[in-house]
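Novice: Can you look at this prediction? I've put the sequence above it.
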Amino acid sequence: MKNKPQNTQSLSRRQLIKLFGTGVATYGLFGASAFADSKTTAHIVIIGGGIGGAASAKYLRLLNKDVKITIIEPNPEYIFCPGSNEIIPGWSTLEESTFNYETIKSRYQVNLIHDKASLIDYDKKQVKTAKGDIIKYDKLIVSPGPSFHYEGIEGFNQQLAEGEFPAAWKAGKQTLKLRQQLLAMKQGGTVLISVPADPYRCPPAPYERASFISTMLKKINPTAKVIILDNKNSFIFDNNFPYYWKQHFAYGTPKSTLEWVSKDMGGEVVSLDAKNRNLITADGTVHHGDVINIIPPEKAGQFALDNDLAEGDWCPVEFKDFSSTKHKDVYVIGDSVDGDPMPKTGFLASNQARVVVQAINDELHGKEIGMPFLINGCVAMAGEDYGMTLSETFRFQGLGKPLAERYFIPEPTTNPEKQLVLANMARNWQRTFRKDIFS
């Protein structure tokens, strides 16, 4: 989904109930479908231990008790990006978003290699790691996450993103750095947030971040201002965020402490003047920021780009089973996929994992691969007391065809109690999702 698609139908209330029922049924089927009589010794290797990779390992083990599963992941812990915006105003901690792989290894009997995958030999069906180990596979699932095209903004680079201009689009030290800069910013200072064009991970997150920062500054720096410079003319939940912003930040008035500048109105950032802390937009306007947060453009993970899995910036797949269209017995899921109209979300990565492992297990047992039906449940918050939800479905339409999308975005509610319920639901949804992947 690119922001809000115009050529799809909204779901009715009855259809939504059916949709959520289907989601529950899917979870139940995975829990009850282990093949006790399976004798296969196939080796499934997974590149990347993030949401897509960890979900693939867990769900595959639930389906098949005998298959051998190996994850190749260089980091000993995984930090969730979904929900990490809450760390910036201090509503959550980095520790709450950090998980290790002990449960994946012990409960689901997954072999974990803490190394960086470097090269795939497709003819020999082998993966080579940075340390020189060779791992053979029967099926390979590639879930490397995205890579960030820092140089897409002139004057910007990875070093700056890890230093004085934290991108914080991968949760961790940069997230804490951004928080520290906001806390230390002078009174009446300006925060600039640069938002890239689609596609990028978690479409509503830049606007959620801006809203959280504005809420934070309202308490500690009430004359400060947040300006969103956007490379798009619309954004997801643009029926909800502005409603909240008007209520809390005088959005749309001369006294507003939060401003959104669309692409057509001069919001497209083309360069960074790091020395003077300025962002320059396509129309030549110079914006000075005391704190500058550039969310960089994205493309497929570097591992996928280096191993001939991509065409252009993204990896083409066959949506029936997310198999690579370029190499046999290889599947690509998550942020690296050329998946339009699917957005790049952690929840969809976990559901893509379900499709892949079901297809692999069916093939191992000589069964016909079924038709996938994917669900995306997206939540966001404008503040601690205001939440919003989105529901999407993606239906397989045939080989070589894009998925058919349907979506539903509720209109904003004026009921404070309902707003709080939605905020709590969004917050708890994030926490439950994290636990589901790594428990």
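Specialist: Perfect, thanks for sending it.

Novice: could you dump the longest helix along the chain to PDB, C-alpha only?
Specialist: Longest among the helix segments of the chain by residue count, using DSSP state H, is helix 416-437. Coordinates of each C-alpha in helix 416-437 appear next as PDB, following Å, rounded to 0.1, in the frame of the first residue of the first chain:
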ATOM      1  CA  PRO A 416     -11.700  10.700  24.600                       C
ATOM      2  CA  GLU A 417     -12.400   7.300  26.100                       C
ATOM      3  CA  LYS A 418     -12.400   5.600  22.800                       C
ATOM      4  CA  GLN A 419      -9.200   7.400  21.800                       C
ATOM      5  CA  LEU A 420      -7.500   6.100  25.000                       C
ATOM      6  CA  VAL A 421      -8.800   2.600  24.300                       C
ATOM      7  CA  LEU A 422      -7.300   2.700  20.800                       C
ATOM      8  CA  ALA A 423      -4.000   4.000  22.200                       C
ATOM      9  CA  ASN A 424      -3.900   1.200  24.800                       C
ATOM     10  CA  MET A 425      -4.800  -1.300  22.100                       C
ATOM     11  CA  ALA A 426      -2.000   0.000  19.900                       C
ATOM     12  CA  ARG A 427       0.500  -0.100  22.700                       C
ATOM     13  CA  ASN A 428      -0.500  -3.600  23.800                       C
ATOM     14  CA  TRP A 429      -0.600  -4.900  20.300                       C
ATOM     15  CA  GLN A 430       3.000  -4.000  19.800                       C
ATOM     16  CA  ARG A 431       4.100  -5.700  23.000                       C
ATOM     17  CA  THR A 432       2.100  -8.800  22.200                       C
ATOM     18  CA  PHE A 433       3.500  -9.000  18.700                       C
ATOM     19  CA  ARG A 434       7.100  -8.800  20.000                       C
ATOM     20  CA  LYS A 435       6.400 -11.600  22.500                       C
ATOM     21  CA  ASP A 436       4.800 -13.700  19.800                       C
ATOM     22  CA  ILE A 437       7.800 -13.600  17.500                       C
END
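
Novice: Check which helices and strands that helix is in contact with.
Specialist: The helices and strands touching helix 416-437, judged by 3 or more CB pairs under 8 Å, 6 or more residues apart in numbering; DSSP states H and E, are helix 51-63, helix 346-364, strand 373-383, strand 386-395. (Glycine included, C-beta is placed from N, CA and C.)

Novice: Show me which positions of that helix end up buried.
Specialist: Residues of helix 416-437 classed as buried: 419, 422-423, 426-427, 429-430, 433-434, 437 (neighbour count, 16 or more other CB atoms under 10 Å).

Novice: and the residue nearest to Met425 when sequence neighbours are not counted, what is it in contact with?
Specialist: For Met425, ignoring the flanking residues on the chain, the nearest one in space by CB to CB, 6 or more residues apart in numbering is Gly387 at 5.9 Å. Contacts for Gly387 were tallied using CB atoms under 8 Å, 6 or more residues apart in numbering; they are 379-381, 419-427.

Novice: thinking again about what came up before, and the longest helix of the chain with helix 51-63, angle?
Specialist: Counting by axes from the mean of the first three to the mean of the last three CA atoms, to 10 degrees, helix 416-437 points 70 degrees away from the direction of helix 51-63.

Novice: from what I can see His327 touches Lys125, true?
Specialist: No - under the criterion of CB atoms under 8 Å, His327 makes no contact with Lys125, lying 10.0 Å away.

Novice: Retrieve the pLDDT associated with Gln430.
Specialist: Looking at Gln430, its pLDDT is 89.

Novice: residues in contact with it?
Specialist: For Gln430, the set of contacting residues under the criterion of CB under 8 Å, 6+ apart consists of 80, 82-83, 379.

Novice: Show me which of the residues you listed is closest to Ile369.
Specialist: For the contacts of Gln430, the minimum distance to Ile369 (CB to CB) is 28.9 Å, reached by Pro82.

Novice: who are the neighbours in contact with that closest one?
Specialist: Under the criterion of CB under 8 Å, 6+ apart, the contact partners of Pro82 comprise 51, 202, 345-347, 430, 433-434.

Novice: now Arg395
Specialist: Neighbour list for Arg395: 373, 403-404, 406 [criterion: CB under 8 Å, 6+ apart].

Novice: Check the gap between Met265 and Thr281 for me.
Specialist: To Thr281, Met265 is 10 Å away according to CB to CB, to the nearest Å.

Novice: er, Thr103 I mean
Specialist: As for Thr103, its distance to Thr281 is 46 Å (criterion: CB to CB).
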